[in-house]
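Colleague: Sharing a model that was predicted from the sequence below.
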Amino acid sequence: MGTASCTTSAQCGSLPGTAYCDSEGGIAACKATEVCNGCDDDLDGKVDEAPNQGSHTLTRACTNACGVAGTQTCNGNPWGACYVPTEVCNSCDENLDGLLNNAPGRYDRLK
């Protein structure tokens, strides 16, 4: 069995991938790298996942509206909000808890 380049024709559109050939030389599957599109691009039964993780765990770096670096998680397409685990005193809600400038686990503002 070998591999070759291919283009998927999955329900979410065409992606460049790798064709895995069967013992007779026919293409058994064309697998692509996961992208945030609500599909199982790598044909492992999970959707929009990071390597060796469960569905909907694909992440990417982002910058929120106040310029603070964070992480977005794929919600099946589109990407979720830009999450930053620690609040910065800047009138933004980095940790997405609905409060501005609060310390972790606290419901009052940072001083």
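Modeller: Received the coordinates, thanks.

Colleague: what sits against the residue sitting nearest the centre point of the chain?
Modeller: Nearest to the mean C-alpha position of the chain, by CA atoms, centre = their mean, lies residue 58 at 2.6 Å. Listed by CB atoms under 8 Å, 6 or more residues apart in numbering, the contact partners of residue 58 are 34-36, 48-50, 73-74. (Glycine included, C-beta is placed from N, CA and C.)

Colleague: Direction included, what does the one helix or strand residue 28 maps to pair against?
Modeller: Using DSSP states H and E, residue 28 sits in strand 27-32. Sheet pairing of strand 27-32 (DSSP bridges) gives strand 16-21 (antiparallel).

Colleague: And the contacts of the strand it pairs with?
Modeller: Contacts to strand 16-21, defined as CB under 8 Å, 6+ apart, come from residues 1-8, 27-33, 41.

Colleague: Of these, which qualify as buried by neighbour count?
Modeller: Taking 16 or more other CB atoms under 10 Å as the criterion, what is buried in those is 6, 8, 30-32, 41.

Colleague: Can you tell me which of these is nearest residue 93?
Modeller: residue 41 (32.0 Å; CB to CB).

Colleague: Let's see the pLDDT reported for the nearest residue to the closest one once chain neighbours are set aside.
Modeller: Spatial nearest neighbour of residue 41, excluding adjacent residues (CB to CB, 6 or more residues apart in numbering): residue 32 at 4.3 Å. pLDDT, residue 32: 87.

Colleague: OK, contacts around residue 32?
Modeller: 8, 10, 15-18, 41-42 are the contacts of residue 32 under CB under 8 Å, 6+ apart.

Colleague: Over to residue 75?
Modeller: Going by CB under 8 Å, 6+ apart, residue 75 touches residue 56.

Colleague: try it again with 10 Å
Modeller: 36, 38, 48, 56, 58, 81 (CB atoms under 10 Å, 6 or more residues apart in numbering).

Colleague: Out of those residues, which end up buried?
Modeller: 36, 38, 48, 56, 58.
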